[in-house]
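**Student:** okay, structure incoming, though there's no sequence with it:
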DNA sequence: CTGTATTGTGAATATTTTTTGTAATTATAT
DNA sequence: ATATAATTACAAAAAATATTCACAATACAG
């Protein structure tokens, strides 16, 4: 879910940095706040951008619960609370207020990232799951659609599957035999030149991006975006 | 979220009983399975009813991960995994497979109930949740009615369920197999062309909006409002 | 540069899949 | 029990797609 903005609220700068570094690796954008008041201030300023808040419970000035309540008054932004272990009362309390998740300190940054990913995926839709972009050729596996530079392109079953097979094996030269075995049924006894016909059609439909399907003389084809 | 059915999968009957007692207090309906194989069996039989699964990881015969994978092949039902503490690798692994939540053993039953509540609320909306509008096609799940551009349209049971299934999976190409497994009972062995007949009727009833049900040649159908 | 093998292409043909109308069966209500 | 509605089955017609083929274009080895 790269490109999404996460607000980190914690009074310890060490902790903020730790989380920030890990989330940045996943190409999240980070905003920070060092206490509850600042958190609300930042949130109100950047309401549209912020897709998730990591909120420490124990903070000076305004604690996490108060921040949570205030934000929940007019926003459903997902919130993960960072707590000390074993605060059961608090957990129960929080779920009613719309906490999406708890992470107990000390936590493993990996798990934190995994949970952030999971929540964002859940709330803002798949994204990672089915769509893949190959230099402007977007293949949505769930919807079985292909877009080239934003324009939807109709593909028949074989065309779609052949293209997908090539693309899934980007940069790998695929023999006609292999293609036949993977895209066609195992009991297909036809001419392997059939592949060529489909390649022709796919190339045509991809327009000038058709050139990404390279011919490997004597072997077969390869998808390569350069 | 009373009245919702939860499937508890754990090999220890003591554990199942514990969870069951707590959830029953909240007026959930409970189904149980004592191992992975049974879990899948029960799930397939009661697919429509089951709103959430509590799934133990360590089980004889078929472990929680395998059950998870199998169920995820054609269902998005929320799943909470019950794990031993500190299995970090597993957690990361599971999120990718679509685990909604982890609860580490030993857990407080209160927390468990709170999380079950939270997830059900999130996934199924405040209560039964009702109307959804898809480009002028309004489906009221409580009243089981369909309106097209403000005009009420009569749908038979199958028609309604088929349309709802398509619409719930907007933009996803659904194979006839999948449709059969989800809209018809698992023990239906008839002609998969039957679907086509119902599609025909639904399209007709939807009038010019019938075109939102797209044919995916060689696969099945897809609902897409464009 | 030339000959040969391989791939590209467009059109004809074959095949597959879906649509549609209708009829048969099954369930539901009166 | 009968009527009515819903569901399922079937098969001909229609539509879409896949395959083949013949020839053109191209690449490559020598």
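**Tutor:** Now that the structure is in, tell me what you want to look at. All values reported here derive from a predicted model rather than from experimental measurement. Numbering: from 1, shown residues only, chains lettered A, B, ... in the order given.
**Student:** switch to C-alpha atoms for all contacts and neighbour counts from now on
**Tutor:** OK.
**Student:** can you list contacts of stretch A:50-65?
**Tutor:** Contact with stretch A:50-65 is made by A:4-11, A:35-37, A:43, A:77-83, A:94, A:116, A:120, as judged by C-alpha atoms under 8 Å, 6 or more residues apart in numbering or on different chains.
**Student:** report the angle between the axes of the particular helix or strand that has residue A:123 in it and helix B:109-124?
**Tutor:** Assigned by DSSP states H and E, residue A:123 falls within helix A:109-124. Helix A:109-124 runs at 40 degrees relative to helix B:109-124, counting by axes from the mean of the first three to the mean of the last three C-alpha atoms, to 10 degrees.
**Student:** quick one, strands of chain A?
**Tutor:** Using DSSP state E, the strands of chain A run over residues A:5-9, A:29-33, A:50-56, A:79-84, A:101-105, A:131-134, A:137-140, A:145-148, A:151-153, A:174-175, A:213-216, A:220-223.
**Student:** just send those back as CSV, with mean pLDDT, mean neighbour count and distance to residue B:137 too.
**Tutor:** CSV is the format used below for the strands of chain A (pLDDT from 0 to 100; neighbours: other C-alpha atoms under 10 Å in any protein chain shown; distance: least, C-alpha to C-alpha, whole Å):
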stretch, mean pLDDT, mean neighbour count, distance to residue B:137
strand A:5-9, 94, 24, 34
strand A:29-33, 92, 19, 38
strand A:50-56, 92, 23, 30
strand A:79-84, 84, 21, 33
strand A:101-105, 76, 18, 35
strand A:131-134, 84, 16, 26
strand A:137-140, 94, 20, 25
strand A:145-148, 95, 20, 23
strand A:151-153, 94, 13, 24
strand A:174-175, 96, 18, 45
strand A:213-216, 97, 17, 41
strand A:220-223, 97, 21, 41
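**Student:** count of residues packed around residue A:124?
**Tutor:** 10 (other C-alpha atoms under 10 Å in any protein chain shown).
**Student:** got it, and residue A:155?
**Tutor:** 17.
**Student:** and residue A:194, by the same measure?
**Tutor:** With other C-alpha under 10 Å as criterion, residue A:194 counts 12.
**Student:** the helix holding residue A:123: how far from the chain's middle?
**Tutor:** Centroid separation between helix A:109-124 and its chain, computed with C-alpha atoms, centre = their mean, to the nearest Å, is 10 Å.
**Student:** which other helices and strands does that helix contact?
**Tutor:** Helices and strands touching helix A:109-124, by 3 or more C-alpha pairs under 8 Å, 6 or more residues apart in numbering or on different chains; DSSP states H and E, are helix A:13-25, strand A:50-56, helix B:88-96.
**Student:** thinking again about what came up before, let me have the strands of chain A in a markdown table, extended by distance to residue A:202.
**Tutor:** Below are the strands of chain A laid out as a markdown table (distance: least, C-alpha to C-alpha, whole Å):
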| stretch | distance to residue A:202 |
| --- | --- |
| strand A:5-9 | 38 |
| strand A:29-33 | 38 |
| strand A:50-56 | 38 |
| strand A:79-84 | 45 |
| strand A:101-105 | 46 |
| strand A:131-134 | 15 |
| strand A:137-140 | 12 |
| strand A:145-148 | 11 |
| strand A:151-153 | 10 |
| strand A:174-175 | 16 |
| strand A:213-216 | 9 |
| strand A:220-223 | 12 |
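**Student:** so which of these is nearest residue B:219?
**Tutor:** strand A:145-148 (12.8 Å; C-alpha to C-alpha).
**Student:** now the helix holding residue A:123 against strand A:101-105, angle please.
**Tutor:** Using the same axes, to 10 degrees: helix A:109-124 against strand A:101-105 is 170 degrees.
**Student:** helix A:109-124 to strand A:79-84, inter-axis angle?
**Tutor:** 150 degrees.
**Student:** for helix A:109-124, buried residues please.
**Tutor:** By neighbour count on 16 or more other C-alpha atoms under 10 Å in any protein chain shown, the buried set for helix A:109-124 is A:110-121.
**Student:** which of those residues sits closest to DNA strand C?
**Tutor:** Distance to DNA strand C, by C-alpha to the nearest atom of the strand, is smallest for residue A:121 among those, at 31.1 Å.
**Student:** residues of chain A that sit close to DNA strand D?
**Tutor:** Contact residues (C-alpha under 7 Å from any atom of the strand) of chain A with DNA strand D: A:155-159, A:184, A:188-195, A:197-198, A:217.
**Student:** show me which of the residues you listed are buried.
**Tutor:** A:155-156, A:159, A:195, A:198.
**Student:** looking at those, which are in helices?
**Tutor:** Counting by DSSP state H, those place A:159, A:195, A:198 in helices.
**Student:** the first one touches residue A:202, doesn't it?
**Tutor:** Yes. Taking C-alpha atoms under 8 Å as the contact criterion, residue A:159 and residue A:202 are neighbours in contact, 6.3 Å apart.
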